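>>> Curious how this folds, go ahead:
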Amino acid sequence: MLTIAYIGNGKSTNRYHLPFSTQLSDKIKIKTIYSRSGKSDWTPIEGVQYTTNIDDIYNDPEIQLVVVTTPSSSHYPLAKEGLLRGKNMLVEKPFTETVEQAQDLFTLAKEKNLFVQSYQNRRYDSDFLTVQKVIESNKLGDLLELEMHFDYFRPEVPENSKYSRINSFLYGHACHTLDQVISYFGEPDEVYSDVRQLLGKGHMNDYFDLDLYYGKLKVSVKSSYFRLTPRPSFIVYGKKGSFVKETKDRQEEHLKQFYMPTEPDFGVDLPQHYGTLTYMDDDNHYHQEKVISEVGDYSRFYEDVYQTLINKQDKVVKDNQTLLQIKLLEEGTKHLS
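Predicted coordinates:
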């Protein structure tokens, strides 16, 4: 068994972590959850110790992994404290604000023979997994262009926010999409960033358009808080065709409705959510077909961590991938204030 504790008892822990870590009850034991105030709007889990004393985590030799789900600015100091106290650490995104901070954590973990990693659960998004399946079918031929969109219509968010780099839209959301790109395609040859504050200086970053080049392939990562009509989640163009996935992974949608992973159809796309694949085959015949979506499952990330810590398998989220992602986030925001 892998025994874990959480630092933080808010929405992140209760909506985006516990529903998935508890799915692996044969492998993972959740022992302790710490919060500074001890107050929570979420229903306590039977058998879990809730505490306002963080030493209850650090002084417990049974706890092998500590998961940090607190606000972004606290990720680095809490992860470092945990490593110094001898605990393996899993850190919510964004991992850190700077490459220097991230490298400091990786170096410290190596010195102490400990594990530290970013929680990149969206590697197991349904739409991302489906795009991989389509690409690997080779029906599109040589890839030429891929567009990824993560759009909202929430103008009140930037209107009521002040600029903070680590709390910017780029750090909060491109950390997902950039990690997906880097995990699948690797390090790009070139990167061009268009990161804006549409409401002007002093407001949070609310728009980004990042172009990553891999030889002749261009991958664009785009998002905005001002998209009343969202763009497709993914569009992929190849020499022989295209694939369009209009809708995103449904796990978050279901979680917000308190529809849990214990349900058999949790996160599962319906036929109206399936992407459309259009292509010319080797005999120059036209095809258009719906592609049944892969099933997303964030519990697979906890399975990965379990296999690394208990069975000594390699980390799925590599240190160099996280460092590259944060480097691109830093470079994209260096002109903002």
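
>>> Run through the bridge partners of residue 30.
Bridge pairing for residue 30 (DSSP bridges) gives the partners residue 4.

>>> State the number of residues packed around it.
Look at residue 30: counted by other Cβ atoms under 10 Å, it has 23 neighbours. Where C-beta positions appear, they are placed from N, C-alpha and C, glycine not excepted.

>>> where along the stretch 51-200 of the chain do the strands fall?
Using DSSP state E, counting those that start in this stretch, the strands found in the stretch 51-200 of the chain span residues 65-68, 88-91, 116-118, 143-149, 190-196.

>>> For the ones you listed, give me JSON lines that also has distance to residue 207.
Listed next are the strands of the stretch 51-200 of the chain as JSON lines, based on distance: least, Cβ to Cβ, whole Å:
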{"stretch": "strand 65-68", "distance to residue 207": "28"}
{"stretch": "strand 88-91", "distance to residue 207": "26"}
{"stretch": "strand 116-118", "distance to residue 207": "24"}
{"stretch": "strand 143-149", "distance to residue 207": "12"}
{"stretch": "strand 190-196", "distance to residue 207": "4"}
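
>>> out of the ones you listed, which comes closest to residue 261?
Closest of the strands of the stretch 51-200 of the chain to residue 261 is strand 65-68, at 17.2 Å (criterion: Cβ to Cβ).

>>> and the closest one, what's its mean pLDDT?
Averaging pLDDT along strand 65-68 yields 98.

>>> which other residues reach it?
Strand 65-68 has contacts (Cβ atoms under 8 Å, 6 or more residues apart in numbering) with 2-8, 13, 17, 57, 74-75, 78-79, 82, 87-92, 115, 119, 305, 309.

>>> Swap in 6 Å and give it another go.
Under the contact criterion Cβ atoms under 6 Å, 6 or more residues apart in numbering, strand 65-68 has outside partners 4-7, 57, 75, 78-79, 82, 87-92.

>>> Show the contacting residues for residue 268.
Going by Cβ under 6 Å, 6+ apart, residue 268 touches residue 295.

>>> measure it to residue 13 for me?
24 Å (Cβ to Cβ, to the nearest Å).

>>> residue boundaries of the helices in the stretch 151-300 of the chain?
For the stretch 151-300 of the chain, helices defined by DSSP state H, counting those that start in this stretch occupy the ranges 156-159, 169, 175-185, 251-256, 299-311.

>>> now, of those, which is deepest in the fold?
Most buried of the helices of the stretch 151-300 of the chain, by mean neighbour count (mean count of other Cβ atoms under 10 Å): helix 169, with a mean of 25.

>>> I'd like to know how far the residue lying farthest from the centre of the chain sits from residue 240.
The C-alpha centroid of the chain is most remote from residue 283, which lies 40.2 Å away (Cα atoms, centre = their mean). Computed as Cβ to Cβ, the residue 283 to residue 240 distance reads 12 Å.

>>> cool, and residue 5?
On the measure of Cβ to Cβ, residue 5 and residue 240 end up 50 Å apart.

>>> Looking at those two, which one has more neighbours?
Neighbour count, other Cβ under 10 Å: between residue 5 and residue 240, residue 5 has more, with 25 against 17.

>>> That one: what's it in contact with?
Listed by Cβ under 6 Å, 6+ apart, the contact partners of residue 5 are 31, 32, 57, 63, 66.

>>> Could you turn the buried ones of the residues you listed into a ChimeraX selection?
ChimeraX command restricting these to the buried ones, with burial defined by 16 or more other Cβ atoms under 10 Å:
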select :31,32,57,63,66
